[in-house]
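Enquirer: need a 3D model of the sequence below.
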Amino acid sequence: MKGPRHSAFTQSSRWSRPRMLDREVRFSWPAGVAFAALCFLLSYPGRLNGDSLFSLMATTKPGLTNNWHSATLQWLWSLPGPVLGQPAGALAIQAVLFGIFAGFLPRLPRDLRGRAALAGEVLLRVALAGATGYIGKDAVILTALLIAVQVLRRLSQARLGAGGSVLLGLVTALFLLTKAPNFLVVVVALALVLPFFIQSRRAYLALIAIALVVGALAVPLNRAVDSVIFKARDLHPDKQLVLFDVAGISARTGQNLFADVPGWPTTALKPPAACYVPYMWDSFAEWAPCGGYATAYDRFDGALKRRWVEAIAAHPIAYAQHRLLYIDYLLESRDHATWGLDGQSINDASNAKAMDEMRRGIAAVKPNRPIALWHPSFATEPMRWLERALFKFPKVQWVGLIICLAVLLFGWTRRHDGIRLGAILAAALGLGNFAMLAVFGVADPARYMVPTVGLAYLALLALLAPPLVGNRFERR
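Expert: Okay, here's the model as predicted:
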């Protein structure tokens, strides 16, 4: 008579307690400080794009702060400004965040496989140092996700304590307040990870429903923090998504779905199909040929949001076609040069065109503090080459997606032997970032997929590391 099949699970009617195969992760202060310094020195005094330049200038004068970009992030960037100047103050914040992630390293055996895995971990951190030194919300989002993975890996092995709990809470708040739609990243990741631990379908669906409702509260919370705490002017940033989606559905149905909104200036505007492009909303922005849409939006904010929901519900196929075409552009985007050390910097002293744009921006805002210029260093070219090799080759977005999917599928097929939490969590968050862009994305730059690619590499490294032998973590 056959005995029961061996399993790494301890099962109850609802929950499973799989054996964790991750190597213990500990924080190394020397590594954290070293990588924070590397990030700071590589990009000193900081590389800015147009949006981050305005965000830094807005914090220097009362009344300029608005909610087009995260007021929370603008405030955080501004904290070291009086001491370090700008953009060095913002760079210091991002360098500290990167150092926190980089300081979490797994304890690996001192054999060939363990040394190779550790070398891969260090290489990933070196390659990310230049990108995360490029001042912008994309770098902050990436580092917040990377920190969250490392802290949760640590939580699966030991109690976090007060410091770890505070760190997890802060990076979660920063992640959600940097961009309101980020709540969907968390919900999708939770939906992908929970099946490894939950047996009951009813409990699973209930938890996902609760997570979706609670997560969606991040949107009004984001607005409340901007308006109440930071007194940010409301520029209706939701207009990007609403105009893009309603125009996309209109183009596919042959109807002007804006015309049904009472009072909408239909006759004064071009038909949406004549303005719509499938990969970004910018054709409707104030500076674009169809800028009348964005200008008129503010007076019809509530009515247009209701029309947006109604249009999606009434024309789901047209909406799906619109979103799938956008996803195709997102995955095929060649916009790799707009971020990191290889990206154009508006404060690059060697780029005359960028400098002209910076002067125009400063003349329009007249900030109270100067903005320092960036100059390449001796390490810029080697770091730029490494960044291109890992993050900017053709189809890198597809590679990131495929790695995340493969890691999750492999983890699922081997779940009875144990769980690599670091691998499946990083892969799930990478897919969550893609899902968020698929639903809420309004432009196709490849930099929006950088979190997915970075998390894919982290997942792969966690999977390739030698598994833990035995039921308990080794301790010294």
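Enquirer: confidence score at the residue positioned nearest the centre of the chain?
Expert: Per C-alpha atoms, centre = their mean, the C-alpha nearest to the average position across the chain is that of residue 141, at 3.9 Å. Predicted confidence (pLDDT) for residue 141: 95.
Enquirer: list the residues that contact it.
Expert: Residues in contact with residue 141 (C-beta atoms under 8 Å, 6 or more residues apart in numbering) are 175, 178, 179, 182, 451. In short, each C-beta sits where N, CA and C put it, glycine included.
Enquirer: please report how far residue 360 lies from residue 126.
Expert: 36 Å (C-beta to C-beta, to the nearest Å).
Enquirer: that older thread, using pLDDT, spot the least trustworthy of the contacts of residue 141.
Expert: residue 179 (92).
Enquirer: send me the worst-scoring helix or strand of the chain on mean pLDDT as PDB with only the CA atoms.
Expert: Counting by mean pLDDT, DSSP states H and E, the weakest-scoring helix or strand in the chain turns out to be helix 352-365, with a mean of 80. Extracted in PDB, the C-alpha atoms of helix 352-365 (Å, rounded to 0.1, in the frame of the first residue of the first chain):
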ATOM      1  CA  ALA A 352      23.100  73.300 -26.200                       C
ATOM      2  CA  LYS A 353      19.600  72.300 -27.200                       C
ATOM      3  CA  ALA A 354      18.900  71.000 -23.700                       C
ATOM      4  CA  MET A 355      20.300  74.100 -22.100                       C
ATOM      5  CA  ASP A 356      18.000  76.300 -24.300                       C
ATOM      6  CA  GLU A 357      15.000  74.300 -23.100                       C
ATOM      7  CA  MET A 358      16.200  74.700 -19.500                       C
ATOM      8  CA  ARG A 359      16.600  78.400 -19.800                       C
ATOM      9  CA  ARG A 360      13.100  78.800 -21.200                       C
ATOM     10  CA  GLY A 361      11.700  76.700 -18.300                       C
ATOM     11  CA  ILE A 362      13.600  78.800 -15.700                       C
ATOM     12  CA  ALA A 363      12.500  82.000 -17.400                       C
ATOM     13  CA  ALA A 364       8.800  81.000 -17.200                       C
ATOM     14  CA  VAL A 365       8.900  80.000 -13.500                       C
END
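Enquirer: which secondary structure elements does the helix or strand just after it contact?
Expert: Counting by DSSP states H and E, the next helix or strand C-terminal to helix 352-365 is helix 380-391. When contacts are defined as 3 or more C-beta pairs under 8 Å, 6 or more residues apart in numbering; DSSP states H and E, helix 380-391 packs onto helix 112-132, helix 450-464.
Enquirer: which of those sits most buried?
Expert: Comparing these by mean neighbour count (mean count of other C-beta atoms under 10 Å), helix 450-464 ranks first with a mean of 24.
Enquirer: the inter-axis angle of it versus helix 112-132?
Expert: In terms of direction (axes from the mean of the first three to the mean of the last three C-alpha atoms, to 10 degrees), helix 450-464 departs from helix 112-132 by 170 degrees.
Enquirer: any idea how far helix 450-464 is from the chain center?
Expert: Remark: helix 450-464 is offset 14 Å from the chain centroid, using C-alpha atoms, centre = their mean, to the nearest Å.
Enquirer: what's the angle between it and helix 380-391?
Expert: Going by the same axes, to 10 degrees, helix 450-464 makes 70 degrees with helix 380-391.
Enquirer: then helix 450-464 to CSV, C-alphas only?
Expert: Below are the C-alpha coordinates for helix 450-464, written out as CSV (Å, rounded to 0.1, in the frame of the first residue of the first chain):
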residue,chain,number,x,y,z
VAL,A,450,11.8,49.6,-16.6
PRO,A,451,10.3,48.5,-13.3
THR,A,452,9.1,45.3,-15.0
VAL,A,453,12.6,44.7,-16.5
GLY,A,454,14.4,45.4,-13.2
LEU,A,455,12.0,43.2,-11.2
ALA,A,456,12.4,40.4,-13.9
TYR,A,457,16.2,40.4,-13.3
LEU,A,458,15.7,40.4,-9.5
ALA,A,459,13.2,37.4,-9.9
LEU,A,460,15.6,35.5,-12.1
LEU,A,461,18.5,36.0,-9.6
ALA,A,462,16.4,34.9,-6.7
LEU,A,463,15.4,31.8,-8.7
LEU,A,464,19.0,30.9,-9.8
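Enquirer: just the helices in the stretch 201-350 of the chain please.
Expert: For the stretch 201-350 of the chain, helices defined by DSSP state H, counting those that start in this stretch occupy the ranges 201-216, 218-224, 239-253, 272-275, 292-297, 301-314, 316-332.
Enquirer: counting contacts, what elements does the longest one pack onto?
Expert: Right, the one you point to is helix 316-332. On a contact count with 3+ C-beta pairs under 8 Å, 6+ apart, helix 316-332 meets helix 239-253, helix 396-413, helix 421-440.
Enquirer: how about the first one?
Expert: Other helices and strands packing on helix 201-216, by 3+ C-beta pairs under 8 Å, 6+ apart, are helix 183-193.
Enquirer: other SSEs contacting the helix it packs on?
Expert: Helix 183-193 packs on helix 161-178, helix 201-216, helix 421-440, going by 3+ C-beta pairs under 8 Å, 6+ apart.
Enquirer: can you give me phi and psi for the nearest residue to residue 47 once chain neighbours are set aside?
Expert: Spatially, and ignoring its direct neighbours in sequence, residue 47 is nearest to residue 345 (4.0 Å; C-beta to C-beta, 6 or more residues apart in numbering). Main-chain torsions, residue 345, degrees, to the nearest 10: phi -110, psi 130.
Enquirer: i'd like the first residue to be 63 from this point on
Expert: Got it, first residue is 63 now, which makes that one residue 407.
Enquirer: residue 407 touches residue 111, doesn't it?
Expert: Yes - between residue 407 and residue 111 there is a contact under C-beta atoms under 8 Å: 7.4 Å.
Enquirer: shared neighbours of these two, anything?
Expert: Residues touching both residue 407 and residue 111 comprise residue 196, with contact defined as C-beta under 8 Å, 6+ apart.
Enquirer: domain ranges for this structure, per the record?
Expert: The chain breaks down into these domains under automatic domain parsing: 87-291+436-526, 301-394.
Enquirer: what's the end-to-end length of the first one?
Expert: Okay, so that is domain 87-291+436-526. Using C-alpha to C-alpha, to the nearest Å, one end of domain 87-291+436-526 lies 15 Å from the other.
Enquirer: and what of the last one?
Expert: Using C-alpha to C-alpha, the end-to-end distance of domain 301-394 comes out at 25 Å.
Enquirer: again with stretch 452-459
Expert: 11 Å.
Enquirer: what's the burial count for residue 286?
Expert: Burial of residue 286 is recorded as 10 neighbouring residues (other C-beta atoms under 10 Å).
Enquirer: perfect, that will be all.
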